[in-house]
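[1] this one's structure only:
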């Protein structure tokens, strides 16, 4: 059994956070907003997607 597992609800919350951060990233990018916001939203989206993609889901 793995030490780090995601519950289905946690995985869903992380995925929704990644989608919202990605949408915010795109909005800032299209309006040529501050670069620090691009970094913040991009890092949040990347970390959330990595967690959802690489950590196993808890079943049962």
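    Good, I have the coordinates. Every value quoted in this text rests on a predicted model; they were computed, and no experiment measured them.
[2] From residue 12, how far out is residue 21?
    Per CB to CB, to the nearest Å, residue 21 is found 15 Å from residue 12. C-beta here means a position set from N, CA and C on the backbone, and glycine is covered the same way.
[3] who has more neighbours, the two?
    residue 21 (20 against 12; other CB atoms under 10 Å).
[4] The more buried one: which element?
    Using DSSP states H and E, residue 21 falls within helix 8-30.
[5] for that helix, which positions count as buried?
    Buried residues in helix 8-30, counted by 16 or more other CB atoms under 10 Å: 11, 14, 17, 18, 21, 22, 24, 25, 28.
[6] a markdown table for those residues, including distance to residue 48 and pLDDT?
    What follows is these, written out as a markdown table (distance: CB to CB, whole Å; pLDDT from 0 to 100):
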| residue | distance to residue 48 | pLDDT |
| --- | --- | --- |
| 11 | 10 | 96 |
| 14 | 5 | 97 |
| 17 | 5 | 98 |
| 18 | 4 | 98 |
| 21 | 7 | 98 |
| 22 | 9 | 98 |
| 24 | 12 | 98 |
| 25 | 12 | 98 |
| 28 | 17 | 97 |
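[7] I'd like these laid out as TSV, including distance to residue 5.
    Shown next, in TSV, are those (distance: CB to CB, whole Å):
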residue	distance to residue 5
11	10
14	13
17	18
18	18
21	23
22	24
24	28
25	28
28	33
